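Asks: let me see the structure of the following:
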Amino acid sequence: MDKIKIGIVGMGNCASSLLQGIEYYKNKNSKEAIGLMHWDIGGYKPYDMEVVAAFDIDKRKVGKDVSKAIFELPNCTIVFCNNVPKANVKVKMGKILDGFANHMKNYDDKYTFILSDEKEASKEDVINVLKESGVEMLLNYLPVGSEETTRFYADCALKAGAAFINNIPVFIASDPEWANKFKEKGIPIIGDDVKAQLGATITHRTLSDLFKKRGVKLERTYQLNTGGNTDFLNMLNRDRLASKKRSKTEAVQSVLAERLEDENIHIGPSDWVPWQKDNKVCFIRMEGKLFGDVPMNLELRLSVEDSPNSAGVAIDAIRCCKLAFKRGQGGVLYSPSAYFMKHPPQQFTDDEAYRMTEEFIAGKREN
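Replies: Below is the predicted model:
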């Protein structure tokens, strides 16, 4: 089958894990393929995609082949496939806007960006690259808090006729105005804020659903996360966290038997610990009452490599987007968005979202 042509905004850890994964699974078959939710989606395997365009703002990445750029600092994710072949696609200078947090200028270069001195891309530049390279869908991997920059690239995708997979907590698919723009153009969109394969949010949601099904009244809960990658450093600026906190909190609130008051639920990034690198450590505490109003509490510690955890979901979202294109389906893909994203336009339980996505893949559900 023809390769799915993708473009990527932000050649950080998540992009690195995705590109490594595409190459890694080339030498696997369905029986050997550990770590995938789907081996085959509409005839497309995990390796049936290629990066044909990429944008970044770091001078260590701009101008380099994507196969090299994904291993440049400040990327720090685990290398599980170090033989990613040359793609003959160079990383283009992107748009800065709010894609770079000012406080990050004060840290060692191995932890943060070194801004390229190349001229920023204009909207026309980006649109031309997307059109000329034949990008079918654009993946957004900008830092949390990149509100203006995300809208910039979403508009570029629209004007270039490319689908948009919004992996960060800026509300595009879940914003009715933006959702309608993609619907009017007949272009698919999946979003917002990728839900890791087995991360803090999906684990917290599953436990919350378990409380509900077993008749346990949840009274208060928190989720604290630490990590050492660039995005955790970026999130030390609390002004950039509003949409992230809202996205993660709503993902849990939406599956509770009864919504908690704001003072009884705290979900969000906690701190940046440099030596953790791309390892994310999550602490969850849940307090409630069992039969007879007897109190109980649960504490959980989860440790995962953050970016491969994301790539395992993105690789399915890409293939679902391709199916929508082939079927002539535009606008928000509600089923994949509910299953793959923390803040979809419409929330469902994970069991419901899983069933809906399987029906979408099988062609039994439009979106």
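Asks: now the longest helix belonging to the chain: mean pLDDT?
Replies: Criterion DSSP state H: the longest helix present in the chain is helix 306-327. Average pLDDT, helix 306-327: 97.
Asks: buried residues of it, list them for me.
Replies: Buried residues in helix 306-327, defined by neighbour count with 16 or more other Cβ atoms under 10 Å: 306-325. No exception for glycine: its C-beta is placed from N, CA and C like everyone else's.
Asks: now do stretch 58-73
Replies: For stretch 58-73, burial by neighbour count (16+ other Cβ under 10 Å) applies to 58-62, 64-73.
Asks: can you say which two of those are spatially most distant?
Replies: Spatial extent of the buried residues of stretch 58-73 (Cβ to Cβ) is set by the pair 59 and 67 at 17.8 Å.
Asks: strands of the stretch 151-300 of the chain, residue ranges please.
Replies: 163-166, 188-190, 217-227, 265-272, 279-289, 295-305 (DSSP state E, counting those that start in this stretch).
Asks: ranking those by mean pLDDT, which is last?
Replies: strand 265-272 (a mean of 91).
Asks: same for it, what does it pack against?
Replies: Contacts defined by 3 or more Cβ pairs under 8 Å, 6 or more residues apart in numbering; DSSP states H and E place strand 265-272 against strand 217-227, helix 230-234, helix 242-253.
Asks: put the alpha carbons of it into PDB.
Replies: Below are the C-alpha coordinates for strand 265-272, written out as PDB (Å, rounded to 0.1, in the frame of the first residue of the first chain):
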ATOM      1  CA  ILE A 265      -9.500  17.000  42.900                       C
ATOM      2  CA  HIS A 266      -6.100  18.000  41.800                       C
ATOM      3  CA  ILE A 267      -4.600  16.700  38.600                       C
ATOM      4  CA  GLY A 268      -1.600  18.200  36.900                       C
ATOM      5  CA  PRO A 269       2.200  18.400  36.500                       C
ATOM      6  CA  SER A 270       4.100  18.800  39.700                       C
ATOM      7  CA  ASP A 271       7.800  19.400  39.000                       C
ATOM      8  CA  TRP A 272      10.800  19.000  36.700                       C
END
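Asks: in it, which residues are buried?
Replies: For strand 265-272, using 16+ other Cβ under 10 Å, the buried residues are 265-270, 272.
Asks: Serialize those residues to JSON lines and add fields for distance to residue 50.
Replies: Formatted as JSON lines, the buried residues of strand 265-272 follow (distance: Cβ to Cβ, whole Å):
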{"residue": "265", "distance to residue 50": "42"}
{"residue": "266", "distance to residue 50": "41"}
{"residue": "267", "distance to residue 50": "36"}
{"residue": "268", "distance to residue 50": "35"}
{"residue": "269", "distance to residue 50": "33"}
{"residue": "270", "distance to residue 50": "37"}
{"residue": "272", "distance to residue 50": "33"}
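Asks: before we move on, back to that, of the strands of the stretch 151-300 of the chain, which stretch is the most buried?
Replies: strand 188-190 (a mean of 30; mean count of other Cβ atoms under 10 Å).
Asks: what sits up against that one?
Replies: Strand 188-190 has contacts (Cβ atoms under 8 Å, 6 or more residues apart in numbering) with 137, 163-166, 172-173, 178-179, 182, 317, 320-321, 324-325, 329-333, 336-337, 340-341.
Asks: how big is the angle separating the helix or strand of the chain with the lowest mean pLDDT from strand 217-227?
Replies: Least confident helix or strand of the chain, by mean pLDDT, DSSP states H and E, is strand 265-272 with a mean of 91. Angle of strand 265-272 versus strand 217-227, following axes from the mean of the first three to the mean of the last three Cα atoms, to 10 degrees, is 10 degrees.
Asks: follow-up on the earlier one: keep only those of the buried residues of stretch 58-73 that are in helices.
Replies: Using DSSP H, the buried residues of stretch 58-73 in helices are 66-69.
Asks: can I get stretch 85-103 in PDB? Just the C-alpha atoms.
Replies: Coordinates of each C-alpha in stretch 85-103 appear next as PDB, following Å, rounded to 0.1, in the frame of the first residue of the first chain:
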ATOM      1  CA  PRO A  85      17.400   5.500   7.900                       C
ATOM      2  CA  LYS A  86      18.000   8.800   6.200                       C
ATOM      3  CA  ALA A  87      14.700  10.300   5.100                       C
ATOM      4  CA  ASN A  88      16.000  12.900   2.700                       C
ATOM      5  CA  VAL A  89      13.700  15.300   4.500                       C
ATOM      6  CA  LYS A  90      15.200  18.300   6.200                       C
ATOM      7  CA  VAL A  91      13.700  20.000   9.200                       C
ATOM      8  CA  LYS A  92      12.400  23.500   8.200                       C
ATOM      9  CA  MET A  93      12.500  26.500  10.400                       C
ATOM     10  CA  GLY A  94       9.000  27.000  11.900                       C
ATOM     11  CA  LYS A  95       7.100  29.700  13.600                       C
ATOM     12  CA  ILE A  96       8.000  30.700  17.200                       C
ATOM     13  CA  LEU A  97       5.100  32.900  18.500                       C
ATOM     14  CA  ASP A  98       4.400  31.300  22.000                       C
ATOM     15  CA  GLY A  99       6.000  28.000  21.200                       C
ATOM     16  CA  PHE A 100       9.000  28.900  23.400                       C
ATOM     17  CA  ALA A 101       8.700  29.800  27.100                       C
ATOM     18  CA  ASN A 102      10.900  32.800  28.000                       C
ATOM     19  CA  HIS A 103      12.000  31.200  31.300                       C
END
